[in-house]
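[1] Following is a predicted model, sequence given first.
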Amino acid sequence: MSWLQRVFSLMHQSSFQPEAAVSSYALSLNSVSNPADWLPQPKESQPAYPLEYVGLNGEYDPQGLAKRVAQALDQHPQVQNIKTLCIIQHGNRITLLGKVTSAAQLQQVVEVVKQVAGVKDVDVDQVTIGQLKPTASTPTLVGATAS
């Protein structure tokens, strides 16, 4: 299961549908009888809403940045199979929570996340580094709680 499917699977089960963003440029093209005859240049190349709310297909999506981060992680072969982390979006900040096997693995994830347009900060304070499952050679403490 991909990052995008795993992290946003509940959204697919709900009736949430992000609204399509319509710019004044698109409206002006719709009002022209033959857009090929007259194509005005857009005044700005950026969308009318903050980059953190741009969805996978350019639509307005309040969780657009987190979805684009998940998509970037899916496309990176070294981190695409990590199933022990969650992605949470707070504006233009991404928070990762869960567990990874090593600091190097966490660093790879952070590097991929920072490359996504719109990410200003990556918070990893809630990520635990260590073995994901105890092995037979690893002693466990009786009464200890997992962190």
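    Received it, and whenever you're ready, just let me know what you need.

[2] where's the nearest residue to His76 once chain neighbours are set aside relative to Tyr53, distance?
    When the adjacent residues along the chain are set aside, His76 lies closest to Val112, with 4.8 Å between them (C-beta to C-beta, 6 or more residues apart in numbering). Quick note: C-beta positions are derived from backbone N, CA and C, even for glycine. Counting by C-beta to C-beta, to the nearest Å, the separation of Val112 from Tyr53 is 21 Å.

[3] related to what we said a few turns ago, could you check the strand or helix carrying the residue nearest to His76 and say which residues are buried?
    Applying DSSP states H and E as the criterion places Val112 in helix 103-114. By neighbour count with 16 or more other C-beta atoms under 10 Å, helix 103-114 contains the buried residues 105-106, 108-110, 112-113.

[4] again with stretch 63-81
    Buried residues in stretch 63-81 (16+ other C-beta under 10 Å): 63-70, 72-74, 76, 79.

[5] Cool, thanks, talk later.
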